[in-house]
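Peer 1: Just need the structure, nothing else, for what follows:
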Amino acid sequence: MADTFKDIVPSILLTKKSVVTEENEKEYKSFLVNRALSYHMDCVPFANEMNKVPNIDPLLQYHYLLNTVRRYKRPFRGWQKRSTIEAVTAIKEYYKYSEEKAKSALVVLSPDQIDVIKKRINKGGLNDKPNRINRGNSTRT
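Peer 2: Numbers count the residues shown, from 1 in each chain. Okay, here's the model as predicted:
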């Protein structure tokens, strides 16, 4: 059984040994593999080509990527966390920065400062209302 990040992606990027067969092709998650490849600039066109044809057989997609992506050791690229995306969005809105400037500002700002920014740009809504436990003692007589 091939695990996506332990076997499949390294086989495409580095080892070039086929680990996906007809028996275990159901474990091949094309979205996850394409996303992992999209973090490397030289692999973006190949991942994009596979995104254009989502209904292709997983084994065909794997063999296409295995034989077209150039083999060499690439630096590790961590996946962006949801909290980081929310923080960048908050910084963009608060300071009117571009995406690139907001990402560079994120490195400088502390988590406390980011929380303050998120509170200041909060526009309210159903999920942001405080829970009222005690609604008052209104007794009618």
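
Peer 1: in this protein, what secondary structure element scores lowest on mean pLDDT?
Peer 2: For the chain, counting by mean pLDDT, DSSP states H and E, helix 9-10 ranks last in confidence among helices and strands (a mean of 86).

Peer 1: Against which helices or strands is the helix or strand that it is followed by packed?
Peer 2: Sequence-wise, the next helix or strand beyond helix 9-10 is helix 30-38, with elements assigned using DSSP states H and E. Using 3 or more CB pairs under 8 Å, 6 or more residues apart in numbering; DSSP states H and E as the contact criterion, the secondary-structure elements in contact with helix 30-38 are helix 9-10, helix 44-52, helix 58-68. In this view, the C-beta of every residue, glycine as well, is placed from N, C-alpha and C.

Peer 1: Helix 30-38: which residues count as buried?
Peer 2: Neighbour-count burial for helix 30-38, counted by 16 or more other CB atoms under 10 Å, picks out 30, 33-34, 36-38.

Peer 1: what sits against Leu66?
Peer 2: Taking CB atoms under 8 Å, 6 or more residues apart in numbering as the contact definition, Leu66 lies against 11-12, 16, 18.

Peer 1: and if we set it to 10 Å?
Peer 2: 8, 11-13, 15-20 (CB atoms under 10 Å, 6 or more residues apart in numbering).
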